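Engineer: structural data only, the sequence is not supplied:
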């Protein structure tokens, strides 16, 4: 009997080692996430581009149809879309993410406090992208089951 048991254990371990790694969609399932950006992009908008790249990597890992992603911008984070007006790389990143279903949300308190005209000063922002309060929106989304990420 002990030889039989050893043989069974050996087959089990052999089978586990030969099994294919799980696909990302099997591993991660469906997800809802909000990325929080409230900081400066720095030289050449590097911090903004890195954050947007993180969102793209998230989409690549989970799958476009299995990820509901939002990017919430307030404070200095709103400058991501201000800088995109003249930065073609940022424009491309933003446009690509939007085409994949990522929603950009902009804090109205920031717009008012900094006298920013979203229609003229920010890249591709529409009325439905404006939320009353960035921090309150973060809380609301977390209450709805969104995972909070600060890239």
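Structural biologist: Great, that's in hand. Given the structure is predicted, the values throughout are model-derived calculations rather than measurements.

Engineer: alpha carbons only for contacts and neighbour counts from here, please
Structural biologist: Noted.

Engineer: can you name the next helix or strand after the one helix or strand residue 95 maps to?
Structural biologist: Assigned by DSSP states H and E, residue 95 belongs to helix 88-99. Scanning forward in sequence from helix 88-99 by DSSP H and E, the next helix or strand is strand 103-107.

Engineer: the residue nearest the centre of the chain is in what secondary structure piece?
Structural biologist: For the chain, the residue sitting closest to the mean C-alpha position, by Cα atoms, centre = their mean, is residue 55 at 3.6 Å. Following DSSP H and E, one finds residue 55 within helix 46-62.

Engineer: and the angle from that helix to helix 88-99?
Structural biologist: 30 degrees (axes from the mean of the first three to the mean of the last three Cα atoms, to 10 degrees).

Engineer: and the helix or strand encompassing residue 148, which residues are buried?
Structural biologist: For residue 148, the element it lies in under DSSP H and E is strand 147-149. When burial is assessed from 16 or more other Cα atoms under 10 Å, strand 147-149 yields the following buried residues: residue 148.

Engineer: distance from it to the middle of the chain?
Structural biologist: Here strand 147-149 shows a centroid-to-chain-centroid distance of 8 Å under the convention Cα atoms, centre = their mean, to the nearest Å.

Engineer: any idea of the mean pLDDT in that strand?
Structural biologist: Computed over strand 147-149, the mean pLDDT rounds to 98.

Engineer: partners of it in the sheet?
Structural biologist: strand 31-37 (parallel) (DSSP bridges).

Engineer: got a list of contacts for the partner strand?
Structural biologist: Here strand 31-37 makes contact (Cα atoms under 8 Å, 6 or more residues apart in numbering) with 55, 62, 66-74, 77, 138, 141, 145-151.
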